[in-house]
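Participant: Attaching a predicted model along with its sequence, questions to come.
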Amino acid sequence: DIQMTQSPSTLSASVGDRVTVSCRANQSFSSWLAWYQQRPGKAPKLLIYRASNLAGGVPSRFSGSGSETEFTLTISSLQPDDFATYYCQQYKSHPYTFGQGTKLEIK
Amino acid sequence: QVQLVESGGGVVQPGRSLRLSCAASGFTFSNYAIHWVRQAPGKGLEWVAVISYDGTYKDHADSVKGRFTISRDNSKNTMYLEMNSLRLEDTAVYLCARAPSSRAAQFDYWGQGTLVTVSS
């Protein structure tokens, strides 16, 4: 199985900050990576697919980059709605695996 | 609009069975693969199973293989997860998610989930 490791587990930031979340895989899988946002008690929401493609309706302050084993989610200027938990996921092969999540908290 | 609504969760004793449903609306259900993902209380996301758009391809996580079975009825726009021999560690919110394909495709819409609690 492909193992996904996110860092950091928790991130404290302020409105307007630029933040970066990292996701590392234990084997290469090209760009078959997605990022999801989950607010408490809500369904996950697709933000980024194929590592760098913005999903429909997602604000342009979100961006993704990377390939093979190293990936990054960047939020250019944090908004109040962005404080949530973020997950990366590889979908190259089953079992699809998720990172453990990064909780973005208000500083 | 695209909607996925899970149901069938509840409290069940270890070793018993439960069937979850995922009802779809707002899109052509028979064109999409559907996945089950679970989230234990306070934990992250764990992929459980997938079924192709026509039901001919299925796969299950090793942690549930032989106990859980995914299926779908395209005439009812509904997908199911039959869960047998439930264990304490199966306690989680179970979410269904849509994907354009059963392989190499992201989950573009998710349901809110249904809670399964396995407890004696």
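Facilitator: Looks like it came in fine.
Participant: for chain B, what spans make up the strands?
Facilitator: Listed in chain order, the strands of chain B (DSSP state E) span B:3-7, B:10-12, B:18-25, B:33-39, B:45-51, B:58-60, B:68-73, B:78-83, B:92-99, B:109-110, B:114-118.
Participant: Export these as CSV, with columns for mean pLDDT.
Facilitator: What follows is the strands of chain B, written out as CSV (pLDDT from 0 to 100):
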stretch, mean pLDDT
strand B:3-7, 97
strand B:10-12, 98
strand B:18-25, 98
strand B:33-39, 97
strand B:45-51, 96
strand B:58-60, 96
strand B:68-73, 98
strand B:78-83, 98
strand B:92-99, 97
strand B:109-110, 96
strand B:114-118, 98
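Participant: Of all the ones you listed, which one is nearest A:Phe71?
Facilitator: strand B:45-51 (16.3 Å; C-beta to C-beta). Every residue, glycine included, has its C-beta placed from N, CA and C.
Participant: rewinding a little: export the strands of chain B to TSV and tack on distance to chain A and mean neighbour count?
Facilitator: Formatted as TSV, the strands of chain B follow (distance: least, C-beta to the nearest C-beta, whole Å; neighbours: other C-beta atoms under 10 Å in any protein chain shown):
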stretch	distance to chain A	mean neighbour count
strand B:3-7	8	17
strand B:10-12	19	13
strand B:18-25	12	19
strand B:33-39	8	24
strand B:45-51	4	24
strand B:58-60	5	18
strand B:68-73	12	18
strand B:78-83	15	22
strand B:92-99	6	24
strand B:109-110	4	22
strand B:114-118	11	18
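Participant: What is the end-to-end distance of stretch B:111-120?
Facilitator: 28 Å (C-alpha to C-alpha, to the nearest Å).
Participant: Distance to A:Ser67 added to the strands of chain B, as JSON lines?
Facilitator: Converted to JSON lines, the strands of chain B look like this (distance: least, C-beta to C-beta, whole Å):
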{"stretch": "strand B:3-7", "distance to A:Ser67": "30"}
{"stretch": "strand B:10-12", "distance to A:Ser67": "43"}
{"stretch": "strand B:18-25", "distance to A:Ser67": "33"}
{"stretch": "strand B:33-39", "distance to A:Ser67": "24"}
{"stretch": "strand B:45-51", "distance to A:Ser67": "22"}
{"stretch": "strand B:58-60", "distance to A:Ser67": "25"}
{"stretch": "strand B:68-73", "distance to A:Ser67": "31"}
{"stretch": "strand B:78-83", "distance to A:Ser67": "32"}
{"stretch": "strand B:92-99", "distance to A:Ser67": "21"}
{"stretch": "strand B:109-110", "distance to A:Ser67": "25"}
{"stretch": "strand B:114-118", "distance to A:Ser67": "36"}
